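J.: structure for this input, please:
(chains A and B)
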Amino acid sequence: MLAGYPLLSLAIWVPICAGVLVLATGSERNAPLARWIALVGALAGFLVTLPLYLRFDATTANMQFVEFMRWIPTYNINYHLGIDGISMPFVLLNSFITVLVVIAGWQVIQTKTSQYMAAFLIMSGLINGVFAALDAMLFYVYFEAMLIPLFLVIGIWGGPRRIYAAVKFFLYTLLGSLLMLVAFIYLYFQSGGSFEILDYYALPLSLPVQILLFLAFFLSFAVKVPMWPVHTWLPDAHVEAPTGGSVVLAAITLKIGAYGFMRFNLPITPDASHYMTGFMVTLSLIAVVYISLVALVQSDMKKLIAYSSISHMGFVTLGIFLFNSMGMEGALVQMISHGFVSAAMFLGIGVMYDRLHSRQISDYGGLVNKMPVFAAFLMLFSMANSGLPGTSGFVGEFMVILAAIKVNFWYAFLAATTLIFGAAYTLWMYKRVVFGEVTNPEVAKLKDINAREFSFLAVLAVLVLAMGLYPRPVTEVMHVTVNNLLAHVAQGKLP
Amino acid sequence: MTAMQELYLLVPLAPLFGAIVAGLFGRVIGRTLSHSVTIAGVAVSCWASWLVFQDVQAGHTYNGTVYTWLSIGNLNMEVGFLIDSLTTMMMLVVTFVSLMVHIYTISYMRDDPGYQRFFSYISLFTFSMLMLVMANNFMQLFFGWEAVGLVSYLLIGFWYTRPTAIYANLKAFLVNRVGDFGFLLGIGVVLAYFGSLDYATVFAQAPALAAQTVSLIPGSEWSLMTVICLLLFIGAMGKSAQVPLHVWLPDSMEGPTPISALIHAATMVTAGIFMVARMSPLFELSQTALSTILVIGAITALFMGFLGMIQNDIKRVIAYSTLSQLGYMTVALGASAYSVAVFHLMTHAFFKALLFLAAGSVIMGMHHDQDIRNMGGLRKYMPITWITFLIGSLALIGTPFFSGFYSKDSIIEAVHIAMEQGVAGAGFAYFAVLAGVFVTAFYTFRLYFLVFHGKDRFETHPAHEGHDAHGDHDHHGGVPHESSWLVTVPLVLLAIPSVAIGYLTIKPMLFGDYFKGAITINAAIHPAMTELKNSFHGSTAMALQSFTELPLWLAVSGVFLSWYFYMKRPDIPAMLKHRFSIIYTILDNKYGFDRFNDWFFAGGARAVGGVFWRIGEVKIIDGFFVNGTANLVGWFATVVRKWQSGYIYHYAFAMIIGLFALVTWFVRVV
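T.: Below is the predicted model of the structure:
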């Protein structure tokens, strides 16, 4: 019965319209109204994505829920939407995280509430557009447009160095994506005037051309992931961003980079992808090992988790460039899991920050004495961040490590060091923040989490455990798409 | 689902249910209901294990799937059960010891504010351990493997305000993770070459791949089986605390004593032993791996025993004894006497849990003082604890007819046979396990005499001096007192198998076909079990025969020496300590492992991380490239801006220069 509805358009435009509505509430006097509209809008935005999973046909690699409309006929640019097994989970993840972000900002944000909520709602719609776009120009528009709300979120509601962080973030990502635009224009002419991404899949290209295109896409997506060595914007952005900004940044926008590799690099330049494997794997492994060690010495909790995110995303790019189904599905699972776990970690840090207004590990200690329920949640999420079996954090890492061994034992060897390092930096932080006697008199005054905080942490806890204990429903929808993509990449497309 | 399959599920799920109820709703339902529900869960699990055991004895083994966790291509990763004789033995040991510990905990943790949490954790542990031993595939094994590590972490750090406890639990988790690192790679190699994680499939294919080699380092060929077995064994070294990954176990004594008994003596630490026994079809194919295991086990058995001789904390003496006994089990594995290792695992679980729980009773009696120098003469005040502790000690040193005798003597014999067969490393291992008998007897009875005999030393030391500062029990005076029946009943129930289980079960377990189908031994090259069987003429005969053999007399001389040193001439140990201060210092520093690890690994990782952070991130990437680019653009703009000065004569001058240059150019070309 839902077949007739433009579900993807709804997923994009419901949050955007809600965002505009929230903006219209205007001044701070109407902040309660703005919050409620935002919550309803976010929930509605999430509800319309549910049929995407429930009615998803996992037996086909074709695009589903396709919508097509002419947009700029002169240049053959179309409003073309559709999702497959790779993009579908992220539309849901994004819409879900938006709900959490709205709840998390409920009391914390007291200045420009309506703008804050609106920024996240609009961003949510734009990000859904990124994942659903099948037209290169449409993709590019969403891809760049979503930077604006995030830029504002960091720049307005951020910490003391927010301007530096926001500009760094914006320039980094923008510089990367300019070359992508060049690549699209080249492909437009090569394909005889088409911006259809799927048309590019079939376009034969010589290896040198593929390599250039690969590098153009690589730059824009590597910055987003972020891969070493173009990652330094992320820790700064996280540290300065408000909690909600960090959550969206870690849980969603990083995934866009990895998604880009799967949507553009692999299918459009399969031979170059093979050619560049060694390069990509090396960068990924540096992210896993080097970044883990950097994370170990951080004294700022948000920075630590930011570096941990980069390290976890190293697994994603490693999994993608192993070219087997276990690795690629492992990468996808790792992305979804990281969406939950990093969101939970940043929300947890937000809970602490709201009380003590410090992110420094050394300002805490003995939190469990005052906030036992929160400590229990943070224990679970820390364990998930350390990749403990039974939590979602384990599944993706496990799959990628197993997949890596098939390719090269030493890839897996280096990747598996995360078992030690990941546990070391996460649990050492946990020890210093949560365990021990209370030393800071400010900590002694803290109150445990309230019902609102409990609600979003509990939802995430359930998801982290559910995905760890039974990941199959998540992977089942990917099989066909992933196998199709791998077959396409294996075949190559040299002229 | 058949009734039996439901029963299999009931075994792990009953404790899980208890753990969830006590963990999530403990505060709501209160203490009594929390311990009732968890104890009921474990009791149900124990009873179900007994039914399953009988069913397996009747010949019904089971290997099946509960649910498919993940499927990729034609690989299915599943949660499933393998129920055979090895599994059921472990199930019985785990659930029985766990039940005893649960009951004991009611008294031991009576005044602790984390009472419900503690019950939740130990029930969760029981669930995890059961999932580990009941697994029918490597993935679930790894699940259980890490889950027991998690609960161990939570329990070592149970008193989370103590700096030593939260140091110890992090250390335990990380050292275990080092083992798990190898273990996971081992599992990965299994999957890469066998295409399956299912035990049955892998074991069936193993002989066909015995000759397969892999070249991990270009130019050198390794036997695939050696690589797999060594990687898996690294996991076992972490969990079962073999040198050099043993460092976490002594520190784990920071946790409450019931969990020292359950997790760090009886069950979790034996997971590595169980795993190798379970993988016997693989380990049998790599002599290199077996010899490595033999040597590492021997080092652990002897050198950790030495450390037990100088400890003054009652729990640490037993902890080093556990390390040493785990070394014995490992030696047995290396000698291909898997069933003997598992047999020792079982007897050890009973008598070591007994010793720890008795030690806990002593600690309670001593008002949480753990220093044995402050004890003495306790037999008068704590008769039941005294007798049960003595039984545990006798079992531990291998007194004939006690359970420990049968298992330990079999290990020594098996290594002896391996040595005669010329197995690499067996000569050293034989020496180590023999010398270890003397060492074990010495430290065990040193502990026993210092605690239960001699003068009452506690009166000169006020109570509450010890470092066990959590909610103290009764505060009446400084005189030790016997513990309540909740403590003594588990002690007695554990004392019974500590005495009798070896005598009763050695014949079926080692020489009957109890483990048939569960453990594989290539008898042609590893004849230890066959030869042991040929020389076995019944439990009584074995005990009587031991009077003519070396190990018993080594044990007797160990006991005698400890009596002489600590009861008769206490000046001698003090003199020795002074005379051989170098050796004492080495032992006191535990061979320097801790210091080295703290300096090299912990310090090293932080130092490298610090360099990466300060140089790589801040200076090079951000400082030079990122901000450097921004600065370059800025500098360039500053320079360019200077040209646009706004003065007419600057522009006029530039125009003239330009005109002149262009004219020159054109003239030259023409």
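
J.: helices or strands up against the lengthiest strand in chain A?
T.: Ranked by number of residues, the top strand in chain A under DSSP state E is strand A:64-72. Judged by 3 or more CB pairs under 8 Å, 6 or more residues apart in numbering or on different chains; DSSP states H and E, the packing partners of strand A:64-72 are helix A:7-24, strand A:77-83. In short, each C-beta sits where N, CA and C put it, glycine included.

J.: nearest spatial neighbour of B:Leu51, skipping sequence neighbours?
T.: Closest residue to B:Leu51 apart from its sequence neighbours, by CB to CB, 6 or more residues apart in numbering or on different chains: B:Leu7 at 6.0 Å.

J.: quick one, what contacts that neighbour?
T.: B:48, B:51-52, B:55 (CB atoms under 8 Å, 6 or more residues apart in numbering or on different chains).

J.: quick one: which of the residues you listed is most hemmed in?
T.: Counting neighbours by other CB atoms under 10 Å in any protein chain shown, B:Val52 comes out on top of the contacts of B:Leu7 with 24 neighbours.

J.: neighbours of B:Leu16, how many?
T.: Neighbours of B:Leu16 using other CB under 10 Å come to 18.

J.: pretty sure it is touching B:Ser123, no?
T.: Yes: checked against CB atoms under 8 Å, the pair B:Leu16 and B:Ser123 is within contact range at 7.3 Å.

J.: list residues touching both of these two?
T.: Contacts common to B:Leu16 and B:Ser123, judged by CB under 8 Å, 6+ apart, are B:Gly41.

J.: about what we covered before: and the residue nearest to B:Leu51, how close does it get to chain A?
T.: In this view, B:Leu7 and chain A are 22 Å apart by CB to the nearest CB, to the nearest Å.

J.: give me the element that residue is part of.
T.: If you go by DSSP states H and E, B:Leu7 is part of helix B:3-57.

J.: partner strands of whichever helix or strand comes after that helix, with direction?
T.: Next in sequence after helix B:3-57, counting helices and strands by DSSP H and E, comes strand B:62-72. Sheet pairing of strand B:62-72 (DSSP bridges) gives strand B:75-83 (antiparallel).

J.: which of the helices and strands packed on strand A:64-72 sits closest to chain B?
T.: Chain B lies closest to strand A:77-83 among the helices and strands packed on strand A:64-72, at 21.5 Å (CB to the nearest CB).

J.: tell me which of the helices and strands packed on strand A:64-72 lies nearest to B:Thr32.
T.: Evaluated over these, closeness to B:Thr32 peaks at helix A:7-24, with 50.6 Å, by CB to CB.

J.: and the closest one, which residues are buried?
T.: Buried residues in helix A:7-24, counted by 16 or more other CB atoms under 10 Å in any protein chain shown: A:7-19, A:21-23.

J.: output the contacting helices and strands for it.
T.: Against helix A:7-24 (3+ CB pairs under 8 Å, 6+ apart) you get helix A:31-54, strand A:64-72, strand A:77-83, helix A:88-104, helix A:113-132.

J.: now the angle from it to helix A:113-132?
T.: 160 degrees (axes from the mean of the first three to the mean of the last three CA atoms, to 10 degrees).

J.: quick check: residues of the stretch 501-650 of chain B near chain A?
T.: B:605-606, B:608-610, B:612-613, B:616-617, B:621-622, B:625-626, B:630 (CB under 8 Å from any CB of the partner chain).

J.: tell me where the model's unsure across the stretch 401-550 of chain B.
T.: Along the stretch 401-550 of chain B, segments meeting pLDDT under 70 span B:459-478.

J.: show me what from the stretch 201-350 of chain A comes close to chain B.
T.: A:229, A:232-233, A:290, A:293-298, A:325-326, A:329.

J.: in TSV, list these along with pLDDT.
T.: Listed next are those as TSV, based on pLDDT from 0 to 100:
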residue	pLDDT
A:Pro229	85
A:Thr232	87
A:Trp233	87
A:Tyr290	92
A:Leu293	92
A:Val294	92
A:Ala295	92
A:Leu296	91
A:Val297	92
A:Gln298	91
A:Ser325	90
A:Met326	91
A:Glu329	93
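
J.: how many other residues sit next to whichever residue of the stretch 301-450 of chain B sits closest to chain A?
T.: When scored by CB to the nearest CB, the stretch 301-450 of chain B has B:His368 as its residue closest to chain A, at 18.7 Å. The local packing of B:His368 (other CB under 10 Å) involves 18 other residues.

J.: repeat for B:Phe625
T.: Neighbours around B:Phe625, by other CB under 10 Å: 13.

J.: how close does it sit to A:His231?
T.: Counting by CB to CB, to the nearest Å, the gap between B:Phe625 and A:His231 amounts to 12 Å.

J.: circling back: identify the farthest-apart pair in the residues of the stretch 501-650 of chain B next to chain A.
T.: B:Ala605 and B:Ala630, at 32.3 Å, using CB to CB across these.

J.: have a look at those two and say which one is more surrounded.
T.: B:Ala605 (19 against 13).

J.: who are the contact partners of the spatially most central residue of chain A?
T.: Residue closest to the mean C-alpha point of chain A, counted by CA atoms, centre = their mean, is A:Ile252 at 2.5 Å. By CB under 8 Å, 6+ apart, the residues touching A:Ile252 are A:90, A:93-94, A:97, A:127, A:339.
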